[in-house]
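*Asks:* need a 3D model of the sequence below.
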Amino acid sequence: MPAPQSPASPTPAGQPAARESPGPGTPARDHYDAVIVGGGHNGLVAAAYLARAGQSVLVLERLGATGGAAISTRPFAGVDARLSRYSYLVSLLPDRIVRDLGLDFAVRKRTVSSYTPAVRGGRPTGLLVAGGRTRESFAALTGSEREYAAWQRFYARTQRVAERVFPTLTEPLPGRDALRERIDDPDAWRMLFEEPLGVAVEENFTDDLVRGVVLTDALIGTFADAHDTSLLQNRCFLYHVIGGGTGDWDVPVGGMGALTDALAAAARAAGAEIRVRHEATRIETDGEAAEVTVRTPDGEHVVAARRVLVNASPQALAALLGDTPPPLAEGAQLKVNMLLTRLPKLRDRSVDPRQAFAGTFHIAEGYGQLADAYRDAAAGRLPAAPPSEIYCHSLTDPSILGPDLAARGYQTLTLFGLHAPARLFAADNDAARAALLKATLAELDAHLEEPVTDCLALDERGEPCTEAKTPLDLERDLRLPGGHIFHRDLSFPYADEGTGRWGVETAHANVLLCGAGAVRGGGVSGVPGHNAAMAALGR
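*Replies:* Numbers count the residues shown, from 1 in each chain. Sure, this is the predicted structure:
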């Protein structure tokens, strides 16, 4: 979902090596129309747009490859599986960016939206949201048509909002009143923008499991209760249901790295320079011209530019400028990558595992369970029943597996755990990570006929193919402030005091924020990169 700086990794095959910079004894001064700090996906989008407009552009990336959190890697030693290591699904990327930049990139629709296992009357069952099977699954779970009808009405309303709001993401920020008029649905506006989402969930649905499935979209990467008066959960929910004007979450063909590879290629083809292992350490500006101090393996030098676009967190931006930093954000998730030799069998025999894991597989995400987990974490405890959701990329796109693994039926699993704030890992990150992973997998195993660990593949050292990342791990690996995947709490997509025309402006006229911390940032969207480029071009 977010796009900060990328973890250390070798330069991908076919990618030009970083241009050599002068050593410390021979300082140099290069001049560009735009210097972009950070080679995550938003920085690459901005670079491609600016270079296509005829500007000279330099992208500075601290680590050995571009991509930010939107990368694909082989995390398991000696295993030919290229996983989307951090961000993993695409919804908010506008088609216009793909078209404008001529990207060689595609997504595939998932045949299943979600499956949520449950136990009713002592027997295993579940809710399958998958086209024509959805209605019968609701009836089997709840014993009536009411919840299904409510589901249809609720998501018809969010889709109408999506159709009106999503196109505004790549336009100058509308005012609050203008966006409300554009939505033209007072009840939807109240539900999403004015009162805690929990009110609407409880008004529309009665079944605890159904309520929980709806609420999960409000909690991805966001630590909040359904009735939080800050409306953090509303903002998160909004961005999860407006993507593409439909709210669909699609699978990137070839993994998330395929997107950033295509973006880097588009930027280079347009004439942008990309230098990896070049870390910006300071920005000096008078509002009309800027100088960026750059640290390289050979020493430091200064690059001059008309403007600087920063594809990093607001905290990093403040540090580069010597400004007062904003309040530190706090991430609240557990990310787990797994490779399995086979999908585990379910206790609910009415659903094939290939269906259940093809969409979002919800675990311990009933409405009451989510509330309990939030209370545990808010009190400083790991949740007793950690909520999480899983999906299997390789069922929709097996190209991420080597031919031998695919032929043998191997599958990937990506797990995203909720209500795991960074504070829970502060005392002992390793111990808390291990404890939370064990408890999370136990919640999954409760709905399986065999433990998921029995299905794990082994790497070349004989170790299980599983990798878990806490917020503190993401802060260390990606410089995400507090491990927050959106860099900071999401904002509603309208203009407010100090937001500027595009939501990317800063206190310095020629410095723009093009990372996930911009207004309308968060997620793999390219929107902040596009908007910063438009602001820089005066459009």
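
*Asks:* run the chain-centre distance for the helix or strand harbouring Asn531.
*Replies:* Of the helices and strands defined by DSSP states H and E, Asn531 is found in helix 527-537. Relative to the mean C-alpha coordinate of its chain, helix 527-537 is positioned 20 Å out (C-alpha atoms, centre = their mean, to the nearest Å).

*Asks:* CA atoms only for that helix, dumped as CSV, please.
*Replies:* Provided in CSV are the C-alpha atoms of helix 527-537 (Å, rounded to 0.1, in the frame of the first residue of the first chain):
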residue,chain,number,x,y,z
VAL,A,527,-1.5,10.0,-7.0
PRO,A,528,0.9,12.1,-4.8
GLY,A,529,3.6,11.7,-7.5
HIS,A,530,1.1,12.8,-10.2
ASN,A,531,-0.2,15.7,-8.2
ALA,A,532,3.3,16.9,-7.3
ALA,A,533,4.3,16.9,-10.9
MET,A,534,1.2,18.9,-11.8
ALA,A,535,1.9,21.4,-9.1
ALA,A,536,5.5,21.7,-10.3
LEU,A,537,4.4,22.3,-13.9
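
*Asks:* quick check: buried residues in that helix?
*Replies:* 527-536 (16 or more other C-beta atoms under 10 Å). Where you see a C-beta, it was placed from the backbone N, CA and C, and this is true even at glycine.

*Asks:* let me see the residues that make contact with it.
*Replies:* Contacts with helix 527-537, where a contact means C-beta atoms under 8 Å, 6 or more residues apart in numbering, come from 34, 41-46, 49-50, 53, 55, 92, 94, 97, 169-170, 307, 309, 311, 500-505, 512-516, 518, 520-521.

*Asks:* hmm, Leu103 is touching Ala264, no?
*Replies:* No: under the criterion of C-beta atoms under 8 Å, Leu103 lies out of contact with Ala264, with a separation of 10.5 Å.

*Asks:* got any ranges where the chain has weak pLDDT?
*Replies:* Screening the chain residue by residue with the criterion pLDDT under 70, one finds the ranges 1-29.

*Asks:* so what does the longest strand seen in it touch, helix or strand wise?
*Replies:* As far as residue count goes, and with DSSP state E defining each element, the longest strand of the chain is strand 299-310. If contacts are counted by 3 or more C-beta pairs under 8 Å, 6 or more residues apart in numbering; DSSP states H and E, strand 299-310 sits against strand 29-37, strand 57-61, strand 279-285, strand 290-296, helix 314-321, strand 511-513, helix 527-537.

*Asks:* looking at the ones you listed, which is nearest to Ala358?
*Replies:* Shortest distance between Ala358 and the helices and strands packed on strand 299-310, using C-beta to C-beta, is found for helix 527-537: 27.6 Å.

*Asks:* what angle separates that closest one from strand 57-61?
*Replies:* What separates the directions of helix 527-537 and strand 57-61 is an angle of 140 degrees, with axes from the mean of the first three to the mean of the last three C-alpha atoms, to 10 degrees.

*Asks:* got the angle for helix 527-537 vs strand 29-37?
*Replies:* When the same axes, to 10 degrees is applied, the directions of helix 527-537 and strand 29-37 differ by 140 degrees.

*Asks:* quickly list what the closest residue to His31 other than its chain neighbours is bridged to.
*Replies:* Once its chain neighbours are removed from consideration, His31 has its nearest residue in Ala304; the separation is 4.8 Å (C-beta to C-beta, 6 or more residues apart in numbering). Partner residues in beta bridges with Ala304: His31, Glu291, with DSSP bridges as the criterion.

*Asks:* check contacts around Ala304.
*Replies:* When the contact criterion is C-beta under 8 Å, 6+ apart, the partners of Ala304 are 29-32, 289-292.

*Asks:* and if you look at Val310?
*Replies:* Contacts of Val310 were listed using C-beta under 8 Å, 6+ apart, and they are 36-38, 283, 316-317, 320, 511-515.

*Asks:* which one of the buried residues of helix 527-537 is nearest Gly255?
*Replies:* Each of those was checked against Gly255 using C-beta to C-beta; the closest is Gly529, at 19.9 Å.

*Asks:* helices along the stretch 101-250 of the chain, start to end?
*Replies:* Counting by DSSP state H, counting those that start in this stretch, residue ranges of the helices within the stretch 101-250 of the chain are 134-142, 146-165, 176-183, 186-189, 197-204, 208-216, 232-241.

*Asks:* also the stretch 401-539 of the chain?
*Replies:* Per DSSP H, counting those that start in this stretch, the stretch 401-539 of the chain carries helices over the ranges 403-407, 429-445, 471-478, 527-537.

*Asks:* tell me which of these is the most buried.
*Replies:* helix 527-537 (a mean of 27; mean count of other C-beta atoms under 10 Å).

*Asks:* now do the contacts for Leu309.
*Replies:* For Leu309, counting by C-beta under 8 Å, 6+ apart, the contacting residues are 34-37, 43, 46, 511-514, 532-533, 536.

*Asks:* make CSV out of these and add distance to Ala332.
*Replies:* Supplementary listing: the contacts of Leu309 in CSV, determined by distance: C-beta to C-beta, whole Å:
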residue, distance to Ala332
Ala34, 34
Val35, 33
Ile36, 29
Val37, 27
Gly43, 25
Ala46, 28
Val511, 29
Leu512, 28
Leu513, 23
Cys514, 25
Ala532, 27
Ala533, 31
Ala536, 33
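
*Asks:* quick check: the closest residue to Ala356 other than its chain neighbours vs Gly368, distance?
*Replies:* For Ala356, the nearest residue in space outside its immediate sequence neighbours is Tyr115; the separation is 4.1 Å by C-beta to C-beta, 6+ apart. According to C-beta to C-beta, to the nearest Å, Tyr115 and Gly368 sit 19 Å apart.

*Asks:* who has more neighbours out of the two?
*Replies:* Neighbours were tallied for Tyr115 and for Gly368 using other C-beta atoms under 10 Å; the higher tally belongs to Tyr115 (27 against 11).

*Asks:* still on that earlier bit, looking at Leu103 and Ala264, which has the bigger crowd around it?
*Replies:* Of the pair Leu103 and Ala264, Ala264 is the one with more neighbours under other C-beta under 10 Å, namely 26 against 20.

*Asks:* buried residues in the strand or helix carrying that one, which are they?
*Replies:* Of the helices and strands defined by DSSP H and E, Ala264 is found in helix 256-269. Neighbour counts over helix 256-269 (16+ other C-beta under 10 Å) mark 256-268 as buried.

*Asks:* likewise stretch 298-305?
*Replies:* For stretch 298-305, the neighbour count (16+ other C-beta under 10 Å) marks 300-301, 303, 305 as buried.

*Asks:* rewinding a little: switch the helices and strands packed on strand 299-310 over to CSV; also include distance to Phe486.
*Replies:* CSV is the format used below for the helices and strands packed on strand 299-310 (distance: least, C-beta to C-beta, whole Å):
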stretch, distance to Phe486
strand 29-37, 19
strand 57-61, 21
strand 279-285, 22
strand 290-296, 25
helix 314-321, 11
strand 511-513, 13
helix 527-537, 11
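
*Asks:* so which of those gets nearest Arg211?
*Replies:* Taking the helices and strands packed on strand 299-310 one by one with C-beta to C-beta, helix 527-537 is closest: 30.1 Å.

*Asks:* quick one, the closest one and strand 299-310 angle?
*Replies:* Relative orientation of helix 527-537 with respect to strand 299-310: 90 degrees, computed using the same axes, to 10 degrees.
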